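Enquirer: Have a look at this prediction, sequence included:
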Amino acid sequence: MSKELIRLVNCSMAFDDELVLDNINLYINDSEFLTLLGPSGCGKTTTLRIIGGFTTPTAGEVLFDGVRINDVPPHLRQVNTVFQRYALFPHLNVFENVAFGLRIPKAEEGGDAEGKKKKKVKIPEREIKERVMEMLEVVSLKGFEHRHITELSGGQQQRVAIARALVNRPKVLLLDEPLGALDLRLRKDMQNELKRIQQQMGITFIYVTHDQEEALAMSDTIVVMDQGKIQQIGRPEDIYNEPKNAFVADFIGESNILDGIMHEDYVVEFFNRKFKCLDKGFAPMAPVDVVIRPEDIDIVPEAEGQLKGTVTSVTFKGVHYDTIVDFKGFKWLIQTTDFHPVGETIGIILNPDDIHIMHKSQYSGMFGDYSSYSEEYDEMDDVTLLDEEDEDEEDERHEE
Amino acid sequence: MKNKRAFFVIPYVGWMTLFVVAPIIIVAVYAFTTAGGEFTLDNFSRMGTYASVFLRSFELAIIATLICLLIGYPLAYVMAKEGPRFQRIAMVLIMLPMWMNFLLRTYAWMSLLENNGLINQAFSALGIVDLSNAINGGLNSFCAWLNSGLLEWVNGLLGSDFVLNTARPTDQTFIRMLFTQGAVVLGMVYNYLPFMVLPIYSVLVKMDNSLVEAARDLGANTSCVFRRVIFPLSLPGVLSGVTMVFVPAVSTFAISKMLGGGTQLMLGDLIEMLFMGSAYNPNLGAAISIVMMLIVVICMWVMNRFGEGEEQAVIL
Ligand SMILES: Nc1ncnc2c1ncn2[C@@H]1O[C@H](COP(=O)(O)OP(=O)(O)OP(=O)(O)O)[C@@H](O)[C@H]1O
Ligand SMILES: [Mg+2]
């Protein structure tokens, strides 16, 4: 299970002197579901392309089963890809698209180990048909096999792309935001389906997404990236509960991040008040970032609270209310199922395991303050106004 | 709104009716009438005399089209793959001859191919003429040997009379190039090559590279990617290139006249002669035009059908 399959060693990638990947070190185990998670442009696709063989890193090594494969072309790698922009063949119908890889004669496995000439094996037509139809069933596209690619919706095309890669039963499957074009319902179904296939067939998945919920739900391991650097690698629970820096804390879930000072092991000070926490090993009086998840905060009557604040905005989110509370000018996001009207003064209690301490990093001070929260809403209102004006203009044009 | 847009089409439709549809109808009428204006099918039944001209026209046009395709496709492919600088230079080189007058270009070829033209001068200077003489001599004696040996035996066995040519010239002072079929084909290839390269190039250069990557990802090596993805996707360009070369090549007349020297009479020459030349007979000329047009249309139709069926036929 946990045999190492792929390893990136000190991989860097630059386009025209612009560093896109900065010294990536990463290993991927056999049969693992690993997710690359990060904001747009952070280098996720580039990392996949390096593993797939479409780009050669400007520095560093790519190892497959311990063998350097930097110079192995894509068609000789035991890797298939679901491309971000599908890249389906427009001259073939759905069936032929999915069958494409199966129709290519493959060198028999292990043939070269004995120094014999590799024999190319063709898959019989009957088996091709069986496997393609089976795969189309998996992605719920049965009955579409004679459709042309141009006659499919975006989501259907995306599923053809998944089927086309998966049908080859590769050792490693690279998926570049494979569910991006699907609606929520279908997305959830496909998530389950992909996870099931991955476990059943024992394929190693390297999955790219910028949807953190998807990453948390599906992965064995999550790699959080930003600006071409790996920010944190870990199990979903660890990433969520023990974010390494403000970026990770903010990117995965919502977080209130404040400046604090670590007095001694298990004692941190912020808002001029000492709190008990579970972290240790920091230098005495070290400045730190303190993360408090909005759903961990308990609201209590004003008098009983460790801190007191005033509610400045409430937004209903279905299961809970997003409540913005002003603590001495610093605004926190608190998620609670109880309704507290704007203007109410409330108290909060923080338990030691609600407080998470991080070292200061380049991201300190950039995230985790909800002061701009309501302003964002205001801006959105402005945008809608502008849109309406635009529409008016268009109406006038139509009347002409 | 719709009517407004339709308005802009009227000039084009008018032009087409006046100068394309009407002439075709007139030609058809001519084809079915005598000089006196009575209905007849004579023009078509007399056409058998010119079967050899039909054959030669289509044969040479097909050869020229194939050569254009064989040269033009790789050229377009390389151009599409190279960087923008190479593309610009190659494009200028391909278009350059077209900026020159057609007659001038062909005259230039005449003087190049002449018996004592530049090319022949170079050939004799390099000893290629002597080499050709020597090869011809060798071939002659080899054929003579075959004639007296193997072929005599075969002829005796089958009662046939196969004889190989033993009279190849061995005393040439030049190689005859002008006024041969080869010269006509050369002229056509030279003149029509850009019409093959440009449509193929424009399809190839627009091709999405991610499709090539997807094919490679699925295990296709370079030749497989070409056979299964690049070539099938470039077929529309190939088809329009073939059309744009084949159609003018079939009906060409100046090239065959100038470079073929009247030895290689083609349909275009024949039609020209019948309409305005020595053998004045516009009715017969019209009939020949109509038949040629039909054959070309049928050829194109078959080719386009082949193109449409490509998605099934792609498994080579
Ligand atoms: N061929 C290229 N030439 C130049 N720059 C490139 C090239 N490909 C990618 N980049 C740059 O590399 C950076 C990372 O790109 P990449 O496609 O890996 O991002 P990503 O993480 O996949 O983003 P997204 O989530 O939007 O798909 C971007 O800044 C992009 O502009
Ligand atoms: Mg991407």
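Expert: Right, received. Where do you want to start? Residues are numbered from 1 along each chain as shown, chains lettered A, B, ... in the order given. Ligands and ions are numbered 1, 2, ... in the order given.
Enquirer: In space, what's closest to the residue of chain B found nearest ligand 2 - neighbours in sequence excluded?
Expert: Among the residues of chain B, B:Ser210 lies closest to ligand 2, at 12.2 Å counting by Cβ to the ion. C-betas here are computed from N, CA, C, even on glycine. Nearest residue to B:Ser210 in three dimensions, chain neighbours excluded: A:Ala87, at 4.1 Å (Cβ to Cβ, 6 or more residues apart in numbering or on different chains).
Enquirer: Now that neighbour: which helix or strand?
Expert: In this structure, A:Ala87 sits in neither a helix nor a strand according to DSSP states H and E.
Enquirer: Confidence-wise, which helix or strand of chain B is lowest on average?
Expert: Ranked by mean pLDDT, DSSP states H and E, the helix or strand of chain B with the weakest confidence is helix B:310-313, at a mean of 41.
Enquirer: Could you list the residues of the stretch 201-316 of chain B in contact with chain A?
Expert: B:208, B:210-211, B:213-221, B:224, B:228-229, B:232-233, B:310-311, B:314-315 (Cβ under 8 Å from any Cβ of the partner chain).
Enquirer: what's B:Gly14 sitting at in phi/psi?
Expert: For B:Gly14, the backbone dihedrals (degrees, to the nearest 10) come out as phi -60, psi -50.
Enquirer: per-residue pLDDT, it?
Expert: Here the pLDDT value assigned to B:Gly14 is 91.
Enquirer: Now for it, how many residues are close by?
Expert: For B:Gly14, the count of nearby residues is 10 (other Cβ atoms under 10 Å in any protein chain shown).
Enquirer: ok, now which ones touch it?
Expert: Residues near B:Gly14 by Cβ atoms under 8 Å, 6 or more residues apart in numbering or on different chains: none.
Enquirer: where along the stretch 201-316 of chain B do the strands fall?
Expert: Using DSSP state E, counting those that start in this stretch, no strands are assigned anywhere in the stretch 201-316 of chain B.
Enquirer: Now do the helices in it.
Expert: Along the stretch 201-316 of chain B, counting by DSSP state H, counting those that start in this stretch, helices occupy B:209-217, B:222-225, B:231-250, B:254-260, B:267-276, B:282-308, B:310-313.
Enquirer: In JSON lines, list those along with mean neighbour count and distance to B:Gly37.
Expert: Converted to JSON lines, these look like this (neighbours: other Cβ atoms under 10 Å in any protein chain shown; distance: least, Cβ to Cβ, whole Å):
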{"stretch": "helix B:209-217", "mean neighbour count": "21", "distance to B:Gly37": "60"}
{"stretch": "helix B:222-225", "mean neighbour count": "15", "distance to B:Gly37": "62"}
{"stretch": "helix B:231-250", "mean neighbour count": "22", "distance to B:Gly37": "30"}
{"stretch": "helix B:254-260", "mean neighbour count": "23", "distance to B:Gly37": "31"}
{"stretch": "helix B:267-276", "mean neighbour count": "19", "distance to B:Gly37": "17"}
{"stretch": "helix B:282-308", "mean neighbour count": "16", "distance to B:Gly37": "10"}
{"stretch": "helix B:310-313", "mean neighbour count": "14", "distance to B:Gly37": "48"}
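Enquirer: Contacts (any at all) between chain B and stretch A:38-46?
Expert: No: Stretch A:38-46 does not reach chain B (Cβ under 8 Å from any Cβ); its nearest approach is 11.3 Å.
Enquirer: Could you look up the SS state of the closest residue in space to A:Pro243 that isn't next to it in sequence?
Expert: Spatial nearest neighbour of A:Pro243, excluding adjacent residues (Cβ to Cβ, 6+ apart): A:Ala249 at 3.8 Å. Three-state assignment for A:Ala249 (DSSP: H, G, I helix; E, B strand; the rest coil): helix.
Enquirer: Local confidence estimate at A:Ala249?
Expert: pLDDT, A:Ala249: 93.
Enquirer: who touches stretch A:263-283?
Expert: Stretch A:263-283 is contacted from outside by A:258-262, A:284-285, A:288, A:290, A:306-307, A:327-328, A:330, A:350, A:352-353, A:355-357, A:359, using Cβ under 8 Å, 6+ apart.
Enquirer: got the end-to-end distance for that stretch?
Expert: End-to-end span of stretch A:263-283 (Cα to Cα, to the nearest Å): 8 Å.
Enquirer: Please state the offset of it from the chain centre?
Expert: 31 Å (Cα atoms, centre = their mean, to the nearest Å).
Enquirer: close enough to count as contact, B:Asn140 and B:Asp171?
Expert: No: judged on Cβ atoms under 8 Å, B:Asn140 makes no contact with B:Asp171 at a distance of 11.9 Å.
Enquirer: Which one's more surrounded, those two?
Expert: Between B:Asn140 and B:Asp171, B:Asn140 has the larger neighbour count (other Cβ under 10 Å), namely 17 against 7.
Enquirer: for residue 177, phi and psi?
Expert: All of this refers to chain A. The phi/psi pair for A:Glu177 (degrees, to the nearest 10) reads phi 40, psi 60.
Enquirer: The chain in question should be chain B.
Expert: Backbone torsions of B:Met177, given as degrees, to the nearest 10, read phi -120, psi -40.
Enquirer: For it, which residues are in contact?
Expert: By Cβ under 8 Å, 6+ apart, the residues touching B:Met177 are B:113, B:119-120, B:183.
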